[in-house]
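**Q** can you look at this prediction? I've put the sequence above it.
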Amino acid sequence: MKIINFLSLSSIVLLTACSGSKENDNTETPIDSSTVIVKDTTPITVSDTTKFKFDFAIANIPSPANSVNEISAFKLHYDNAILNDPKNSSKYTSEFQKAINLGAYNIDMAYAMVNDKGEDVLKYMKNVLQLSDNLGLKGAVNAMVGKRAESNLNNKDSLFKILDEIFVKSDTYLRTNDRVYTAATVFAGSWLESLYITCKTAENPADNASAIKIHTHLWEQRFHLGNLINLLNDYKDKKECADLIADLKPIHEEINAVKEPKLMDDAKLHSISKKIIDLRSKQTATK
């Protein structure tokens, strides 16, 4: 088995466990199709409104797999120096820091994976596993998905399709409002990191066609960011979430002020990109 193929399968397992995780169990070997899944008996107390907002946001914001695939389509140079330092993972102490940086590391790992950087995938896989364990999000893929992944080791597109399907099936895990908050924070970290990578690599687009795609991609984020802010608003009583919303709103307002993608000129792109990069730096900083 090629190392990158093994890493791809492992990435699916870890991303599944950490991004709105589909099942919360104590399984130690999730890719083994013979594994017995431990049933989660946590009482379901999540409010219908909060659950609906989460489902709506997940359905209307690109998944990590789609986000990274879009970035790779821009034909931009891979640069691991812009990613979150793997050494930072052990320095995040609060639940919020762990969750939002788990989302960031998910994207960093997937970004390395689509660029066939096996060594980097290994580094970020370790961080994803560590933070997911710390947050109590260690989950597993069910037997059917495990078999599907094993049979598609040589097809990266199929692996990402499986990841997408897993990502949106969160009903089993999201049993309490606290779990929804953790999942929403992880998701916010993933969204922010994917936009951060786009903005950083957009500083040197490969050609004019790539530049146009980047401008359009950033403009399209007004829909997704609006949904994300709406979801996070349910937790605005938490200081760290209120601070995140306060930082996201000016970005949303600035993107939303651009009425069509062709009006997203270099000056507007630079202004919005700076806000995104600054916010990402703030959220990944160790305190």
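**A** Here it is on my side, so go on.

**Q** which stretches of this protein aren't confidently modelled?
**A** The chain contains residues with pLDDT under 70 at 1-40, 63-65, 75, 137-173, 206.

**Q** any idea which residue sits dead centre in it?
**A** By C-alpha atoms, centre = their mean, the mean C-alpha position of the chain lies nearest to residue 190, the distance being 2.6 Å.

**Q** how much space is there between it and residue 107?
**A** 5 Å (C-beta to C-beta, to the nearest Å). In short, each C-beta sits where N, CA and C put it, glycine included.

**Q** what ranges does the chain have for its helices?
**A** 3-18, 48-60, 64-73, 95-114, 118-134, 143-150, 156-168, 177-201, 208-232, 239-256, 266-284 (DSSP state H).

**Q** tell me the most buried of those helices?
**A** helix 95-114 (a mean of 26; mean count of other C-beta atoms under 10 Å).

**Q** what is that one packed up against?
**A** Contact here means 3 or more C-beta pairs under 8 Å, 6 or more residues apart in numbering; DSSP states H and E; on that basis helix 95-114 packs against helix 3-18, helix 64-73, helix 118-134, helix 177-201, helix 239-256, helix 266-284.

**Q** out of these, which is closest to residue 220?
**A** helix 239-256 (8.8 Å; C-beta to C-beta).

**Q** ok, residues contacting that closest one?
**A** 94, 96, 100, 181, 185, 188, 218-219, 221-222, 225-226, 228-229, 232-233, 235-236, 268, 271-272, 275-276, 279, 282-283 (C-beta atoms under 8 Å, 6 or more residues apart in numbering).

**Q** let's see that with 7 Å instead.
**A** 96, 188, 218-219, 221-222, 225-226, 229, 232-233, 235-236, 271-272, 275-276, 279 (C-beta atoms under 7 Å, 6 or more residues apart in numbering).

**Q** report the angle between the axes of that helix and helix 95-114?
**A** 50 degrees (axes from the mean of the first three to the mean of the last three C-alpha atoms, to 10 degrees).

**Q** helix 239-256 vs helix 177-201, what angle?
**A** 40 degrees.

**Q** and helix 239-256, C-alpha only, in PDB?
**A** Provided in PDB are the C-alpha atoms of helix 239-256 (Å, rounded to 0.1, in the frame of the first residue of the first chain):
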ATOM      1  CA  LYS A 239     -17.200  35.300  25.500                       C
ATOM      2  CA  GLU A 240     -14.900  33.500  23.100                       C
ATOM      3  CA  CYS A 241     -17.800  32.900  20.700                       C
ATOM      4  CA  ALA A 242     -19.000  36.500  21.000                       C
ATOM      5  CA  ASP A 243     -15.400  37.700  20.200                       C
ATOM      6  CA  LEU A 244     -15.300  35.400  17.100                       C
ATOM      7  CA  ILE A 245     -18.600  36.700  15.900                       C
ATOM      8  CA  ALA A 246     -17.400  40.300  16.400                       C
ATOM      9  CA  ASP A 247     -14.400  39.500  14.200                       C
ATOM     10  CA  LEU A 248     -16.300  37.700  11.500                       C
ATOM     11  CA  LYS A 249     -19.000  40.300  11.000                       C
ATOM     12  CA  PRO A 250     -16.800  43.000   9.500                       C
ATOM     13  CA  ILE A 251     -15.400  40.400   7.000                       C
ATOM     14  CA  HIS A 252     -19.000  39.400   6.100                       C
ATOM     15  CA  GLU A 253     -20.000  43.000   5.700                       C
ATOM     16  CA  GLU A 254     -17.100  43.800   3.500                       C
ATOM     17  CA  ILE A 255     -17.600  40.800   1.200                       C
ATOM     18  CA  ASN A 256     -21.300  41.400   1.200                       C
END
